[in-house]
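Peer 1: build the 3D model from these lines:
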Amino acid sequence: MSKIKTVEIIGGGVSGLTAGGLLSREGLNVRLFEANDKLGGCCANTELGGYTFNDGAMFLILPRILDYIFKRLGLDRPSLLPLRKIRAPFSTTLPDGTIVLFDDNKGVTIEKSNGTLNIIKLQKEIESMLKNWEPVLNLFADDIFLHPFSFWRFLVKGWRHLHMIRGTVASELNKLFSDEAVRAAMSAALFYIGVPPHKTPVLSLLGLVAIQSEGMYLPEGGMGKIPEAMSLSLENNGGEIHLNSKTDKIVLKNGRVYGLEVEGQDLVELDAVISTVSGMKTFGSLLNPEDVPKDMKRKVQSAPLSSKALVIQLGLSNKVDVHSHINNICPLMEEQYEVFMPDENEVKWLVYYVPTVSMPELAPPGGSIIELFPAIKQDVPANDWDEQKKEKIVESALSAFSSRYDIDIAVKRVISPKDYQDSMHLYKGAVYGLSPASYPRALFPHNPRIRGLYQAGQTTYPGYGVGAAAMSGIFAAEALLKTEGI
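Peer 2: Reported below is the predicted structural model:
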């Protein structure tokens, strides 16, 4: 019988909260240490001047996965976390003036400046896409995403779909849609992944299929309500949450985890620990080099990082003439690589979110929130993003945006790669940890073969967003329970 009694969780994002909630339900003493002054990590909110801004996550898809997670935590999601469906998910404006708008009922409205579009044909093409890809989406949402990732499991469960996972988003959209404007709009909906469509793995199309099939959602009150609700499982079962408690080192004794060095505290002794910071940080700096297995060192050294980002968040005193949550002003799909090519002197293409279209109460009456994502150079280290460099891009982006809309800025917040690295604790400012184009072998295991240490977070499981991150915490907790014989 295991003697495990006390488990420490490093990080209070959604993966740390789900891991801690599940373990506390099993009767373990759980203490969670979060470096910041609030829970949620990249799924938190920040309020400034009456405006509620996102710290990272901007919308939710596949709420059935969230329902599954809440059930595992002993929580009732509908009552604790009501969701609001986004009625106008996204729109795309192309260089010739064509505007493509998608609604929440699989419908598309197209305003073409030249030429005509066969709407009946387009609707059939959308139906064909969903007919082909919804079975794959359901396989992932109802099975693959609910288990630790295993290629063999996917082979057994999804062998019928293997022929569909080759290629890129661009190649698949070329097959699915005959109109170039529609292809451009469909691919633009996946800009959040951080790479152009001809480099985006075709499985990323599941995000678009989920939006078309089931819709996009916002929690009532903002994305930060998700960790707020999740934390109840840990708190209700006697767990402890320590904010402003940065973990500096994981201490081993005789080959087993023994304690944590937490800033401002004496050595915190424990029986086991789940780290939810990136695998690159866990095995690159939290452990002493001599304690890290060779295969984990190799993963740290070869980790293919995701893109870095700079976001400009505006709290406006006025409303702008925007009707969709996600808005893209971009070229046709074949030229969309240009969206990811920065020009610090001129922002040609715009990618921006307007959460107040769906949830106006996130701003004061009559106001709105804009989140702008200008392209930035990816080869610039996070530490080099000083105020001068940041403001130069901000000035160009605001010039481009204000040339289209009248804006009255009440509050401005800018998050640079350095801010993501230093304040949000994202490794080298990489917003998703690992690149979407990385192979599964780049992922860090939930059980890395260091006795008493387990790993969670988005570097342990493929996919984006709240669901994938939260499930990783479940998997790490399950690995601990199984390995320790609890």
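Peer 1: what about this protein, any weak spots by pLDDT?
Peer 2: Scanning the chain for pLDDT under 70 picks out 1-2, 114-117, 462-463.
Peer 1: what residue spans form the domains of it?
Peer 2: 6-81+221-303+434-483, 307-431 (automatic domain parsing).
Peer 1: looking at it, I86 is touching Y217, isn't it?
Peer 2: Yes: here I86 reaches Y217: they are 6.4 Å apart, a contact under C-beta atoms under 8 Å. In short, each C-beta sits where N, CA and C put it, glycine included.
Peer 1: okay, the two: which has more neighbours?
Peer 2: Comparing I86 with Y217 by neighbour count (other C-beta atoms under 10 Å), the higher total belongs to I86, at 24 against 19.
Peer 1: how about the helices in the stretch 251-400 of the chain?
Peer 2: Assigned by DSSP state H, counting those that start in this stretch, the stretch 251-400 of the chain shows helices spanning 279-281, 294-302, 387-402.
Peer 1: now do the stretch 101-250 of the chain
Peer 2: 119-142, 151-158, 169-176, 180-188, 205-214, 225-236.
Peer 1: which of those helices has the highest mean neighbour count?
Peer 2: helix 180-188 (a mean of 25; mean count of other C-beta atoms under 10 Å).
Peer 1: now for that helix, which elements pack on it?
Peer 2: In this structure, helix 180-188 packs against strand 90-93, strand 99-102, strand 108-111, helix 169-176, with contacts taken as 3 or more C-beta pairs under 8 Å, 6 or more residues apart in numbering; DSSP states H and E.
Peer 1: make it 7 Å
Peer 2: In terms of contacts (3 or more C-beta pairs under 7 Å, 6 or more residues apart in numbering; DSSP states H and E), helix 180-188 is packed against strand 90-93, strand 99-102, helix 169-176.
Peer 1: before we move on, the earlier item: now render the domains of the chain as a markdown table, adding distance to L122.
Peer 2: Listed next are those as a markdown table, based on distance: least, C-beta to C-beta, whole Å:
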| stretch | distance to L122 |
| --- | --- |
| domain 6-81+221-303+434-483 | 22 |
| domain 307-431 | 15 |
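Peer 1: rewinding a little: who touches both of I86 and Y217?
Peer 2: F59 (C-beta atoms under 7 Å, 6 or more residues apart in numbering).
Peer 1: closest one to E391 among the helices and strands packed on helix 180-188?
Peer 2: For those, the distance to E391 is smallest for strand 90-93, at 26.9 Å, taking C-beta to C-beta.
Peer 1: now the closest one: how far from the chain's centre is it?
Peer 2: Distance of strand 90-93 from the chain centroid (C-alpha atoms, centre = their mean, to the nearest Å) equals 21 Å.
Peer 1: cool, stretch 314-333 as well?
Peer 2: Using C-alpha atoms, centre = their mean, the offset of stretch 314-333 from its chain centre is 20 Å.
Peer 1: in it, what's buried?
Peer 2: Under the neighbour-count criterion of 16 or more other C-beta atoms under 10 Å, stretch 314-333 has 314-316, 319-320, 322, 324-333 buried.
Peer 1: could you point out which element follows the strand or helix carrying T46?
Peer 2: Using DSSP states H and E, the element containing T46 is strand 45-48. Under the assignment DSSP H and E, the closest C-terminal helix or strand after strand 45-48 is strand 51-54.
Peer 1: I'd like the helices of the stretch 251-400 of the chain written out as JSON lines, with distance to G107 added.
Peer 2: What follows is the helices of the stretch 251-400 of the chain, written out as JSON lines (distance: least, C-beta to C-beta, whole Å):
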{"stretch": "helix 279-281", "distance to G107": "41"}
{"stretch": "helix 294-302", "distance to G107": "44"}
{"stretch": "helix 387-402", "distance to G107": "28"}
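Peer 1: so what touches stretch 197-208?
Peer 2: Residues from elsewhere that reach stretch 197-208, judged by C-beta under 7 Å, 6+ apart: 61, 133, 136-137, 140, 165-170, 172-173, 186-187, 189-190, 193, 333, 336-337, 436-437.
Peer 1: do the same with stretch 397-407
Peer 2: For stretch 397-407, the external contacting residues (C-beta under 7 Å, 6+ apart) are I312, L314, L316, N318, V320, D321, V347, L350, L372, P374.
Peer 1: centre of the chain versus the helix or strand hosting Q421, how much separation?
Peer 2: Secondary structure assignment for Q421, by DSSP H and E: helix 417-422. Taking C-alpha atoms, centre = their mean, one finds helix 417-422 lying 16 Å from the centre of the chain it belongs to.
Peer 1: now, the buried residues of stretch 314-333 that are in strands?
Peer 2: Members of the buried residues of stretch 314-333 lying in strands (criterion: DSSP state E): L314, G315, L316, I326, N327, N328, I329.
Peer 1: out of those residues, which comes closest to G239?
Peer 2: Checking these against G239 by C-beta to C-beta gives G315 as the nearest, at 34.8 Å.
Peer 1: my guess is the closest one meets I370, correct?
Peer 2: No: assessed by C-beta atoms under 7 Å, G315 is found out of contact with I370, at 8.4 Å.
Peer 1: disregarding flanking residues, what is the spatial nearest neighbour of T276?
Peer 2: Closest residue in space to T276, ignoring its immediate chain neighbours: G11 at 3.6 Å, by C-beta to C-beta, 6 or more residues apart in numbering.
Peer 1: where's that neighbour relative to I326, distance?
Peer 2: Taking C-beta to C-beta, to the nearest Å as the measure, G11 falls 28 Å from I326.
Peer 1: swap in M341?
Peer 2: Going from M341 to I326 by C-beta to C-beta gives 20 Å.
Peer 1: can you check F102 too?
Peer 2: F102 sits 9 Å away from I326, going by C-beta to C-beta.
Peer 1: hey, what's in contact with both of those two?
Peer 2: What both F102 and I326 touch, as defined by C-beta under 7 Å, 6+ apart, is the set P89, F90.
Peer 1: which among the domains of the chain is found nearest to E180?
Peer 2: Here domain 307-431 is closest among the domains of the chain (C-beta to C-beta), at 5.4 Å.
Peer 1: ends of that closest one, how far apart?
Peer 2: This stretch, domain 307-431, spans 6 Å end to end (C-alpha to C-alpha, to the nearest Å).
Peer 1: swap in stretch 263-272?
Peer 2: End-to-end for stretch 263-272, by C-alpha to C-alpha: 19 Å.
Peer 1: what's next to that stretch, contact-wise?
Peer 2: Under C-beta under 7 Å, 6+ apart, the answer for stretch 263-272 is 3-8, 245-246, 248, 251, 257-262, 452, 454, 480, 484.
Peer 1: same deal with stretch 290-300?
Peer 2: Contacts with stretch 290-300, where a contact means C-beta under 7 Å, 6+ apart, come from L252, G279, M280, F283, G284, A442, F444, P448, R449, I450.
Peer 1: and those residues, which two are the farthest apart?
Peer 2: Within the contacts of stretch 290-300, L252 and A442 form the most distant pair, 24.9 Å apart (C-beta to C-beta).
Peer 1: isn't K308 up against A430?
Peer 2: Yes: here K308 lies in contact with A430, judged by C-beta under 7 Å, at a distance of 6.1 Å.
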